[in-house]
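Peer 1: need the 3D shape of this:
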Amino acid sequence: MSKSYPGDVPVHALRSVDLDIKQGDYIAIEGPSGSGKSTLLNQITLLDIPTTGSYQIRGTDMAGRSDNFRAEVRSAQFAFIFQSFHLLAGRTVLENVALGSLYRGLRMSQREDAAVEALQFVGLGEKLDKRTENLSGGERQRVAIARAIASGTPVIVADEPTGNLDTVSGRQVMETLERLNEGGSTLVVVTHDKEVAARAKRRLWVQDGKVTEVDVGSAASQLPPQKLQTSPMTRGRDSRIRFIDAILDAWRGMWAFPRKTVALIMAVALGVGLGLTTLGLSQTARFQVSDLFDAQRNQRVALSSPELEPGTFVDAEATAEVSLQRLRDLRGVESAQVYVMHDEKPVTSRPGVSLELVRGSPIVGVVGGELFAAGVDTGSGDGQSEAQSTQMDSELSRLVAVGSGDVVLGSQLASSLEIGPLLASPTVWVDGHPRRVVGILTDSGLQVGLLEALITSEEDAAQISRPSYANAEVRVLPGAAKQVAEQGPLAWIPSAPELVTVDAPPDPSTMREVIETNMGTMLAVLTGVALLAAVLSLTNAMTTAVLQRTGEFGLRRAIGARRIHIRSLVLTEALFIGAAGGLLGAYLSLLVILAVTIVQSWQPVISPLAIPTGVLGGILVGLLGGLIATGRAARIEPHDALRV
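Peer 2: As a prediction, the model looks like this:
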């Protein structure tokens with residue numbers, strides 16, 4: 001077989017290699033750097049495929065085989081020992097050794113039993129629970145050997161197994177490997193050390209892509225035969241992993257670096273928590289908006305008549321008390337008042353003032369002599385007694401009676417006249433005639449012009465000046481404005497309802513829906529931004545973690561993991577992180593919502609689905625954040641990730 005790498009100048013890494021390796025062989029591969037040793041081993045162990053030629057394992061040609069098929073063969077045939085150990089940091093010795101048979105579909109108890117036996121074989125039976133980063137270099141290499149033993153494969157490949165060790169540790173490692181060979185395992189060692197190579201039964205020299213076999217003669221190492229207690233034939237199923245083992249492996253891998261994991265969980269928690277907080281506050285705020293709208297129990301509808309013509313039906317109907325009563329009897333009406341606009345007359349706060357020098361003020365007559373009390377400041381003097389007030393269904397619909405000779409001043413008019421306190425029962429002069437002030441109008445509802453007017457009973461107003469037109473103002477129950485606006489003209493002036501102009505506020509429910517929709521849209525955008533930030537943060541962190549774990553994924557692929565196994569591992573870790581972050585974020589959001597509602601004195605609205613929604617949201621963030629990382633991890637090729 002041959003292997004070439006394309007380029008402007010093609011590199012012929014292997015040239016027409018003809019090699020036969022039998023079960024039980026002990027082979028050393030030597031050669032200068034860049035000679036093709038690693039490429040040869042990549043072909044032997046199916047970590048790479050030849051450009052041309054044929055390669056058979058136990059009579060089966062490997063040419064043209066799928067990636068999954070090659071993974072199955074690696075799982076069944078090869079175990080690897082590396083110069084840089086490639087042990088999983090943050091894991092125990094037992095977990096690292098049991099990894100060797102993880103992709104054999106064996107139960108955990110079977111894998112751990114094999115791992116314990118292998119560790120005893122290499123003399124590390126007392127360090128099962130130690131972290132690998134706390135071991136010496138020689139001990140780490142023996143852990144790597146134990147991992148190869150636990151896999152139970154018939155071929156063990158060692159790349160510079162003594163390269164990072166001192167002389168004593170290197171000798172111990174080689175003696176252990178030779179014991180494996182004596183037990184029936186095929187041993188292939190790549191080395192620069194001539195003493196190590198001299199121990200092999202067969203030696204291959206690689207230079208410029210060509211492979212030649214060196215005659216070792218009687219110099220081959222002849223170690224006393226020591227039978228390995230475990231069989232070199234693999235157990236289980238090739239390149240398979242049990243579901244529960246995949247889950248546990250992902251969980252343990254996730255917590256191998258707790259600080260990084262906690263940081264990732266917090267990133268998800270902040271995104272999900274912010275999203276749930278905005279949604280929760282949105283629901284709470286909607287109820288507050290509803291309460292505010294519902295609290296406005298006196299919605300107003302204004303009706304205006306055409307210009308009054310004395311003696312016509314419009315004049316009589318618009319200013320009649322019976323018309324006022326018909327308005328009050330409408331369904332959905334809390335109260336109603338009719339007032340008539342009269343010609344302007346001079347109003348002063350002192351007698352004897354020349355009326356020609358005083359600007360006229362609007363005169364307003366109230367039909368029935370009753371004015372909405374909610375917007376009238378009556379003070380606590382004689383101007384407002386219990387006998388002068390009429391109690392209606394609610395405090396907001398209470399009316400104040402304006403008796404004969406009494407007036408109510410608009411707040412702007414009262415300010416311009418410099419009226420004293422109502423306790424002193426101040427007096428004003430209207431066209432030279434005295435009138436007692438019983439109240440100040442501070443809220444004119446839909447008729448802002450009333451704040452500049454003098455208001456009295458219609459009987460008194462008719463004696464002061466000529467009427468001009470009439471207005472009716474109706475206070476309605478929430479949601480009744482539209483209905484009253486349609487029926488009001490006919491009830492007020494039944495002979496000519498088409499002449500009545502109606503000014504009705506928007507329906508509270510419609511306004512509420514608009515506000516709630518706008519608020520919901522705004523908060524939904526904030527929620528989306530928060531979740532997107534969490535996804536991007538997790539994606540970046542997971543992708544960075546994949547790059548840092550390139551050697552680990554290369555090792556897993558070498559010992560039989562398929563690409564789908566790598567994808568599943570990374571995605572499972574991402575889902576674990578997402579679920580944990582979602583749960584934490586949900587609880588954080590509940591605390592924030594409670595804190596905000598307490599500060600604002602709101603009634604908190606918390607959905608019973610908040611916690612499961614948070615977990616599902618976190619899982620979604622984990623899924624989206626892990627997709628790019630899983631693809632990146634699955635594309636890792638073992639021959640690129642490992643120096644084999």
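Peer 1: and the residue nearest to Leu264 when sequence neighbours are not counted, how far from Ile564?
Peer 2: Of all residues not flanking Leu264 in the chain, Ile577 sits nearest, at 4.9 Å (C-beta to C-beta, 6 or more residues apart in numbering). (Each C-beta comes from the backbone N, C-alpha and C, glycine too.) As judged by C-beta to C-beta, to the nearest Å, Ile577 and Ile564 stand 20 Å apart.
Peer 1: tell me which of those two has more neighbours.
Peer 2: Per other C-beta atoms under 10 Å, whichever of Ile577 and Ile564 has more neighbours is Ile577, with 30 against 14.
Peer 1: correct me, but the more buried one touches Trp255?
Peer 2: No: at 10.6 Å, Ile577 does not count as touching Trp255 under the criterion of C-beta atoms under 8 Å.
Peer 1: mind listing the shared neighbours of those two?
Peer 2: When contacts are counted by C-beta atoms under 8 Å, 6 or more residues apart in numbering, Ile577 and Trp255 are jointly contacted by Thr261.
Peer 1: run through the residues that contact Arg435.
Peer 2: Residues near Arg435 by C-beta under 8 Å, 6+ apart: Gly405, Asp406, Val407, Thr427, Val428, Trp429, Leu454, Thr456, Asp460.
Peer 1: surely the second one is in contact with Glu459?
Peer 2: No: using C-beta under 8 Å, Asp406 makes no contact with Glu459, being 11.5 Å away.
Peer 1: higher neighbour count, those two?
Peer 2: Neighbour totals were compared for Asp406 and Glu459, and Asp406 leads with 21 against 13 (other C-beta under 10 Å).
Peer 1: distance of that one from Val428?
Peer 2: 11 Å.
Peer 1: helices and strands around the strand or helix carrying Asn181, which ones?
Peer 2: Per DSSP states H and E: Asn181 is located in helix 167-182. Applying 3 or more C-beta pairs under 8 Å, 6 or more residues apart in numbering; DSSP states H and E, one finds that helix 167-182 contacts helix 137-151, strand 155-159, strand 186-190.
Peer 1: next, format the ones you listed as CSV and append mean neighbour count, mean pLDDT and distance to Arg466.
Peer 2: Shown next, in CSV, are those (neighbours: other C-beta atoms under 10 Å; pLDDT from 0 to 100; distance: least, C-beta to C-beta, whole Å):
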stretch, mean neighbour count, mean pLDDT, distance to Arg466
helix 137-151, 26, 93, 110
strand 155-159, 24, 93, 113
strand 186-190, 24, 94, 118
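Peer 1: between the ones you listed, which one is nearest to Ala318?
Peer 2: Taking C-beta to C-beta, helix 137-151 is the member of these nearest to Ala318, at 100.7 Å.
Peer 1: and the angle for the closest one with helix 167-182?
Peer 2: 10 degrees (axes from the mean of the first three to the mean of the last three C-alpha atoms, to 10 degrees).
Peer 1: quick revisit: okay, and which of the contacts of Arg435 map to helices?
Peer 2: Counted as lying in helices by DSSP state H, out of the contacts of Arg435, are Asp460.
Peer 1: got a markdown table for the contacts of Arg435, with pLDDT too?
Peer 2: Listed next are these as a markdown table, based on pLDDT from 0 to 100:
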| residue | pLDDT |
| --- | --- |
| Gly405 | 90 |
| Asp406 | 92 |
| Val407 | 93 |
| Thr427 | 93 |
| Val428 | 93 |
| Trp429 | 92 |
| Leu454 | 94 |
| Thr456 | 94 |
| Asp460 | 92 |
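Peer 1: what's the ChimeraX line that selects buried ones from the contacts of Arg435?
Peer 2: Applying 16 or more other C-beta atoms under 10 Å to those, the buried members can be selected in ChimeraX as follows:
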select :406,407,427,428,429,454,456,460
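Peer 1: narrow the contacts of Arg435 to those in strands?
Peer 2: Of the positions in the contacts of Arg435, Asp406, Val407, Thr427, Val428, Trp429, Leu454, Thr456 sit in strands, assigned by DSSP state E.
Peer 1: tell me who's in contact with the fifth one.
Peer 2: This means Trp429. Trp429 neighbours (C-beta under 8 Å, 6+ apart): Val347, Thr348, Ser349, Arg350, Pro351, Val353, Arg435.
Peer 1: redo that, cut-off 10 Å
Peer 2: Pro346, Val347, Thr348, Ser349, Arg350, Pro351, Gly352, Val353, Leu355, Val358, Leu417, Arg435 (C-beta atoms under 10 Å, 6 or more residues apart in numbering).
Peer 1: joint contacts of Asp406 and Glu459?
Peer 2: Gly369.
Peer 1: show me the protein divided up by domain.
Peer 2: The record assigns the chain these domain ranges, following automatic domain parsing: 3-240, 258-292+511-641, 306-499.
Peer 1: possible to save those as TSV with distance to Ala246?
Peer 2: As requested, the domains of the chain are exported to TSV (distance: least, C-beta to C-beta, whole Å):
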stretch	distance to Ala246
domain 3-240	9
domain 258-292+511-641	6
domain 306-499	59
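Peer 1: which of the ones you listed sits closest to Ala250?
Peer 2: domain 258-292+511-641 (3.8 Å).
Peer 1: now do the same end-to-end measure for that closest one.
Peer 2: 25 Å (C-alpha to C-alpha, to the nearest Å).
Peer 1: run the chain-centre distance for that domain.
Peer 2: Taking C-alpha atoms, centre = their mean, to the nearest Å, one finds domain 258-292+511-641 lying 4 Å from the centre of the chain it belongs to.
Peer 1: please apply the same query to stretch 140-159.
Peer 2: 44 Å.
Peer 1: quick one: least confident helix or strand in this protein?
Peer 2: Lowest mean confidence among the helices and strands of the chain (mean pLDDT, DSSP states H and E): strand 389-390, at a mean of 39.
Peer 1: the helices in the stretch 151-300 of the chain, which residues?
Peer 2: Applying DSSP state H, counting those that start in this stretch to the stretch 151-300 of the chain gives helices spanning 167-182, 194-198, 243-254, 258-295.
Peer 1: strands along the stretch 501-644 of the chain, start to end?
Peer 2: Taking DSSP state E, counting those that start in this stretch, the strands of the stretch 501-644 of the chain run over residues 501-503.
Peer 1: low-confidence ranges in it?
Peer 2: For the stretch 501-644 of the chain, the stretches with pLDDT under 70 are 506-520, 523, 643-644.
Peer 1: just list the residues touching Gly560, thanks.
Peer 2: Going by C-beta under 10 Å, 6+ apart, Gly560 touches 70-79, 100-104, 151, 153, 234, 238-241.
Peer 1: apply the buried test to these and list what passes.
Peer 2: 70-79, 100-104, 151, 153, 234, 238-241.
Peer 1: which members of those are positioned in strands?
Peer 2: The members of these that map onto strands under DSSP E are Phe78, Ala79.
Peer 1: pull the longest strand seen in the chain out as CSV, backbone CA atoms only.
Peer 2: Using DSSP E, we find that the single longest strand of the chain is strand 333-348. The C-alpha atoms that make up strand 333-348 are tabulated as CSV, following Å, rounded to 0.1, in the frame of the first residue of the first chain:
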residue,chain,number,x,y,z
VAL,A,333,-74.7,54.5,33.0
GLU,A,334,-73.6,55.3,36.5
SER,A,335,-74.6,59.0,36.4
ALA,A,336,-75.1,61.8,34.0
GLN,A,337,-75.4,65.6,34.0
VAL,A,338,-76.5,68.2,31.4
TYR,A,339,-75.2,71.7,31.3
VAL,A,340,-76.0,74.6,29.0
MET,A,341,-73.5,77.0,27.7
HIS,A,342,-74.7,80.6,27.9
ASP,A,343,-73.4,83.9,26.6
GLU,A,344,-70.5,85.4,28.4
LYS,A,345,-71.0,87.9,31.2
PRO,A,346,-68.6,89.9,33.3
VAL,A,347,-67.6,88.3,36.6
THR,A,348,-65.8,90.2,39.4
